[in-house]
Every structure is written in structure tokens, then in C-alpha cells.
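Asker: One predicted model, sequence on top.
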Amino acid sequence: MQRSFRRGLETYHRHAVAQARIAQDLAAMLAGAGAPRKLEAVLEFGCGTGLLTEALLGRFGIAGLTLNDLVAEAAPGLQARTAGQARFLAGPIEQLPLPDGLDLIASASTVQWVEDIQALMARLAASLRPGGWLALSGFGRGHFPELAALGSGAAAPGYADAAEWAGLLPPGMELLEVVQQPIVLTFGSAMELLRHLRRTGVNGQARARRSRASLQAFEECYRARFGQQGRLPLTYDAVRLIARKRS
């Protein structure tokens, strides 16, 4: 997984269309829920190339920003996007020491990679100050249904539907809003679709080399089952949520 994300760093920001939309929607959802426009201490984990970072900085004044990603090589690009104002921590969020007294913990399109979401939520809640905010997005169990139907075994370990999130948060965290909404991208060919997956690093099957015959067979099956007006759809099952620690 880490190798896949590292490989996609140079192309992710430009090609992660669905993730960019999710990041903007999550920041808007947080603002709409009543989060203050000025925040003292913010942690964003799984920040990647900074799609959510940019969305948050566009809506909120943040005095102290800590960014985390599994891939250490993400740091230079993030420093450039934040004018060097952010502190960067590399490594898995499940194991890193976390700051205390945070006003906001945010993450977009990352939590599905966490194997024990409940344990992570307890860690995050402990680092929030009373009244602190949690803004997350992941993917539901209907993520990439087209690929799953065609036999892809490359799935993240932590898919969770909207209805499951109330049970994943620890006592003391109030779920204010959760939205599950598909985002459908379409592609002109199987090669274009697989290239999209490879450039965004979101599906291990996309990295497998295919013979011309195998690619043609894959495309024919895809078109037969899911083709729409000559295009191949790919469905992202996006789940966004806002929660708050009780005072």
C-alpha cells in the first residue's frame, strides 16, 4: 500500500477527481455544522498531496496545523502548498504519538485503509479538546462495485456505511451528520480507467500488467455488464461525517 501511494504522489493531485470533490464537500460540511472559522490546533491525517488541506485552509483560519501521511515523501509538496507553515509527521496514524487539546482532527479518503477503525476513533477522541471537532470521509461497502463484480480482490480493509458510524465512535463523541453519496466517474476505455486507478494509487489490481488479450477481455466484460452510452462507469461510494466531542 505504501509503495502504491508513493508511486502515485506525482499524479494524484491532478487525477484524483473524486477525492478532490469529497475534500471540498467535507470542508463545506464542517463549516455548515458550525465549526468556528478560526481554529488554534488542527491535525489532518492521511493528507496525501493536500486536497483536504487546501479545502480547509480555504475556509478556516488555522493557527497551528499538523499534517500526517504514511508516505514521508509527501512532505515537500505539502510544505509548498502551506507556505511552510505546517508541521509534518510521517507514519501510520494508528501508531504515531498524537498532540493533545486539538480543535479539529480531519481526514479525507483515508480511514478505509485503517483495519481497526473503532480503536483509531478512540485514540483520536482522546486527543480532541472538549468541544473539539472530527471531520472524516471514507468509503462504504458499495465502493467500486463494478470492479468487485468482475472479480477484483483489491479492497481496503475498513469500508463502512453511513449507518455503521454511530457504533464506531467512542462514548463522548456525538455524530452530528453523516452522508453516503456515490460519485460516478466515466471513462472511454478500460485502459483509461485502469490508468486512472494507477495514477491515484487506490486499487492494487490496477498495477498488474495485462496482456492485450486480457485487457480486451476485461473491457468486453465491463462494457457488457456496466457500459453506459459507450462509456465505462466507476462508482466511488463516498461517506462523509462530522462529529464533535461533548464538552
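Answerer: Yep, it's here. Computed from a predicted structure; not experimentally measured.
Asker: Next, please give the residue ranges for the helices of this structure.
Answerer: In the chain, the helices defined using DSSP state H lie at 2-15, 17-32, 51-59, 75-81, 117-127, 145-149, 165-168, 190-200, 212-226.
Asker: Format these as CSV; extra columns: distance to K245, mean neighbour count and mean pLDDT.
Answerer: For the C-beta atoms, the positions are set from N, CA and C on the backbone; glycine is no exception. Formatted as CSV, the helices of the chain follow (distance: least, C-beta to C-beta, whole Å; neighbours: other C-beta atoms under 10 Å; pLDDT from 0 to 100):
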stretch, distance to K245, mean neighbour count, mean pLDDT
helix 2-15, 29, 16, 61
helix 17-32, 14, 20, 97
helix 51-59, 18, 20, 97
helix 75-81, 26, 16, 89
helix 117-127, 6, 18, 98
helix 145-149, 34, 16, 95
helix 165-168, 15, 16, 98
helix 190-200, 32, 19, 92
helix 212-226, 42, 13, 95
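Asker: Okay, the residue nearest to T49 when sequence neighbours are not counted and F144: tell me how far apart.
Answerer: Computed as C-beta to C-beta, 6 or more residues apart in numbering, the closest residue to T49 that is not its neighbour in sequence is H13, at 4.1 Å. From H13 over to F144 the distance is 21 Å, taken as C-beta to C-beta, to the nearest Å.
Asker: and if you look at R37?
Answerer: If you go by C-beta to C-beta, the gap between R37 and F144 works out to 36 Å.
Asker: What of E44?
Answerer: From E44 to F144 the distance is 25 Å (C-beta to C-beta).
Asker: cool, and T53?
Answerer: The value you get for T53 to F144, if C-beta to C-beta is used, is 25 Å.
Asker: about what we covered before: neighbour count for E44 and F144, which is higher?
Answerer: Taking other C-beta atoms under 10 Å, E44 and F144 do not tie; E44 has more neighbours (25 against 22).
Asker: Report the beta-bridge partners for the more buried one.
Answerer: Listed beta-bridge partners, E44: L67, A106 (assigned using DSSP bridges).
Asker: per-residue pLDDT, the residue nearest the centre of the chain?
Answerer: Most central in the chain under C-alpha atoms, centre = their mean is S109, positioned 0.7 Å from the mean C-alpha point. Per-residue confidence (pLDDT) for S109: 95.
Asker: about what we covered before: next up, the contacts around the residue nearest to T49.
Answerer: Neighbour list for H13: T49, G50, L51, G77 [criterion: C-beta atoms under 8 Å, 6 or more residues apart in numbering].
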